[in-house]
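>>> Dropping a prediction and its sequence here:
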Amino acid sequence: MTSPTTPLPWQGFDHVALATPDLEATIRFYCEVLGMQAGEIYQARGGKTRHCFIKPGNTFAQGLHFWEVPGVQLPPPVESLEWHQPETVTAGMFLHIAFALPDETAALALRERLCQYHVQMGEINDLGSMSNMVFLDNNRVLLEAIWLKE
């Protein structure tokens, strides 16, 4: 029997599940725009919906797990990509997904790609030893690219 203070052997996140009204559009965004890899599309039990995993790089984890939910409401359009104001945040609220990039060169390549696809994005921010930028996916989910400074 382990003690309540004994650490468990967690190995990181395996996946994060998200809903989308259009699985094909979401796969296109993450594969074409962000250059990620989508797995097979599966029918859910009972055949009422479909889902697939999208991997952000060469990782053991399954990545993002998108479930198609026809008619699901998208978040309201954002007026700005500034971080949420404290008065609008509630406990357990989903805020964003951050993806790591190896360096500024990769970040600038991503920024160019986002421009080509007319993706709404913020400026590059200086975070001390790191830099980042935020942008929206096709479902208006706030995404972040973050990298160590060279």
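Thanks, I have the structure now.
>>> Show me the strands in this structure, by range?
Along the chain, counting by DSSP state E, strands occupy 15-20, 37-38, 42-43, 50-55, 63-68, 97-100, 125-126, 130-136, 142-148.
>>> Relative to residue 9, which of those strands is closest?
strand 15-20 (18.4 Å; CB to CB). For glycine as for every other residue, the C-beta is placed from the backbone atoms N, C-alpha and C.
>>> Pop the domain breakdown of the chain in here.
What the record gives for the chain is the domain set 13-71, 81-150, from automatic domain parsing.
>>> start to end distance for the last one?
Spelled out, it's domain 81-150. Using CA to CA, to the nearest Å, the end-to-end distance of domain 81-150 comes to 25 Å.
>>> average model confidence for it?
For domain 81-150, mean pLDDT is 90.
>>> Just list the residues touching the residue nearest to residue 20 when sequence neighbours are not counted, thanks.
Nearest residue to residue 20, sequence neighbours excluded (CB to CB, 6 or more residues apart in numbering): residue 26, at 4.4 Å. Each residue near residue 26 by CB atoms under 8 Å, 6 or more residues apart in numbering is listed here: 20, 54, 66, 137, 138, 139.
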